[in-house]
Each structure stands twice: as structure tokens, then as C-alpha cells.
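Peer 1: using only what follows, build the 3D model:
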Amino acid sequence: MAKLVISSEVSEALKKGAPVVALESTIISHGMPYPQNFEMALAVEEVVRNQGAVPATIAVIGGEFCVGLSSAQIEDLAKKGHATSKVSRRDLSIVAARKQDGATTVASTMIIADMAGIKIFATGGIGGVHRGAETTMDISADLEELAQTDVAVVCAGAKSILDIGLTLEYLETKGVPVLGYQTADFPAFYTRTSGHKVDAQMANATEAAEILISKWGAGLKGGVVIANPVPPEFSLPASEMEKTIAKALEEMKVANIKGKESTPYLLKKVKELTAGKSLDTNIQLVLNNAMLAADIAVEFAKLQKK
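Peer 2: Okay, the predicted model is just below:
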């Protein structure tokens, strides 16, 4: 049986009912190169702390489900990069039984956060329905996790390499609310809009926390997507990104890349094609999401105490 290991800082915060924000580790090992990934991970934790919440970076270390990593553990993941397995729901039991390390995706971070009692999670962008999924059936496990696990995911929408329209249709079918933070438009990761609408627009973090309390208080199972557009100064032109993604998808097809390797491959290819601009945007949107997640966690903790 996998052991849940919660750091003393996170454990103490949870006992007190203090705000805690879960953070994933795939973005560290597979999202960007070293040392940017390590610097980004520490910066994200600092942003969460500055907003009055406790960061809880999550990963599988030696088969244990670890909640709240040390800086040394984070740097180890950052240095190993792709040598550490990318672990989703299907992989957790295997990695735990073999006492291996694993970098958690959105889905597996949600699972472990829920085990620990953490309700707010900040990431870059959620996975979704891949382009061409009508023939490949390539649909991220993130969506199924959102349908059943009671964790709110603050993100910059779905990654623009995906079919965003079908991703939102899937979430609607599964009953997952998609909320826009000060926007009626669903963001597309690198860009602030996708041409698709959210289910409801939120004015502030308090309103977001109230919706979460309302949903879970009524016994409605499942997560919530809180879509937070990348800051305007870091948003990339939508038309330019669409051309870039189309080229990356074509190269992926030629290289015969499939399954869980698709997203890391595409993100790396997009970075190359944008001369690194996409990496800068990626880092800034993660920091922006961490700030909002911490604000929501603070308000959520206040409401829970009431």
C-alpha cells in the first residue's frame, strides 16, 4: 500500500485549517529544461507564500506519495527531467509498488491532493481532448479526474495544442463547472482567448471560493476548472500560435509520437518554433495561476472556518 507522506509545514497548515495550494511536478520534470524548471518551481512556491498560503508541491518519491517537497527534492526532479516517469492515475499503483520516483500530472496531483485534504491546485494548463481524437481517442485523464475528484484546478485554460471546443464539451458532459476569472472567454494557455465561453465569470477570489463551498457543500462530486488568462503583456498572438501549433502537430505526426509523450513533445517543439517566447509565457502564466490559487485558498479557508 502506498504511503502518504505530508511535510511538517503542510501538515501543520492543514491541522489549523490554514490555506494550502497543491502544485504538480510534471511541469518541473517535463515542462521546461533545467535550471529554468527549478527556478520556476521555487518562484511559484514563493508566490503562494507571499499571498498568505502554504505551497504543497506533490510527487512520488521512492514509491511514496509526497505532499510538500523540500528544495533539494525539487532540484533533484528538475535535474533528472525526463528520466523521471510522468505519472497519471493509471501509473500510480505501479510506481508505488516498485518504489520508484514519479512526476505527477494534473490528474495524479489531484488524487494525492485530495488524499491529503487539499482543495485548491495551481497548474499551467489542463490536458484535454487532442486534435484528431475522433480517430485516435487521445483524451487526457485530467478530464476524467475533474469529473470525480473534489479539487479546484486553477489554470490558464487548456493547452492550445488541444481541441478546446471538444475539451469543453467533454467537461460539460461530465458536469464540471468551468469558471473564468474576470473573463467570459476561455483562455488557450499561450493566448488570453480561444473563441469559446466559460460557464460563469467570477469577479474575484471570494466569489470563486463561494462557488466551491456551494458545490461541495451540496454534495456535488467532482472538480472545478478556474480559468485564469495569461497576463496581457505575456500573451502570444493567437493567429501566430495557431500556425506554430499546426506545424508542430505535423512534425509530431511524421515522428510518430503518440500517447503521453505527445504533450511534452509539442511543448518542446512550440518552444523551438517561437524562439523561446512560449517558455517565457509558460513561466509567467504558472506564476499568475499560483497567485490566484493562493488568493482563492485564503478565501476558501475563511469560509470553511465560518
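
Peer 1: got the buried residues for stretch 252-272?
Peer 2: Neighbour-count burial for stretch 252-272, counted by 16 or more other C-beta atoms under 10 Å, picks out 252, 260, 262, 263, 264, 265, 266, 267, 268, 269, 270, 271. Where C-beta positions appear, they are placed from N, C-alpha and C, glycine not excepted.

Peer 1: pipe the residues you listed into JSON lines and attach distance to residue 123, secondary structure and pLDDT per row.
Peer 2: Listed next are these as JSON lines, based on distance: C-beta to C-beta, whole Å; DSSP: H, G, I helix; E, B strand; the rest coil; pLDDT from 0 to 100:
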{"residue": "252", "distance to residue 123": "22", "secondary structure": "helix", "pLDDT": "78"}
{"residue": "260", "distance to residue 123": "16", "secondary structure": "helix", "pLDDT": "64"}
{"residue": "262", "distance to residue 123": "17", "secondary structure": "helix", "pLDDT": "74"}
{"residue": "263", "distance to residue 123": "13", "secondary structure": "helix", "pLDDT": "70"}
{"residue": "264", "distance to residue 123": "15", "secondary structure": "helix", "pLDDT": "73"}
{"residue": "265", "distance to residue 123": "19", "secondary structure": "helix", "pLDDT": "77"}
{"residue": "266", "distance to residue 123": "17", "secondary structure": "helix", "pLDDT": "74"}
{"residue": "267", "distance to residue 123": "13", "secondary structure": "helix", "pLDDT": "71"}
{"residue": "268", "distance to residue 123": "18", "secondary structure": "helix", "pLDDT": "77"}
{"residue": "269", "distance to residue 123": "21", "secondary structure": "helix", "pLDDT": "78"}
{"residue": "270", "distance to residue 123": "17", "secondary structure": "helix", "pLDDT": "76"}
{"residue": "271", "distance to residue 123": "18", "secondary structure": "helix", "pLDDT": "77"}
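
Peer 1: what ranges do the helices span in the stretch 1-150 of the chain?
Peer 2: Ranges of helices in the stretch 1-150 of the chain, per DSSP state H, counting those that start in this stretch, are 8-16, 26-29, 36-50, 71-80, 89-97, 106-116, 133-136, 141-148.

Peer 1: do you know how far residue 160 is from residue 206?
Peer 2: Distance from residue 160 to residue 206, counting by C-beta to C-beta, to the nearest Å: 30 Å.

Peer 1: which of those two has more residues huddled nearby?
Peer 2: residue 160 (23 against 16; other C-beta atoms under 10 Å).

Peer 1: ok, the spatially closest residue to the more buried one that is not a sequence neighbour - contacts?
Peer 2: Nearest residue to residue 160, sequence neighbours excluded (C-beta to C-beta, 6 or more residues apart in numbering): residue 188, at 4.1 Å. Listed by C-beta atoms under 8 Å, 6 or more residues apart in numbering, the contact set of residue 188 reads 157, 158, 159, 160, 164, 194, 238, 241.
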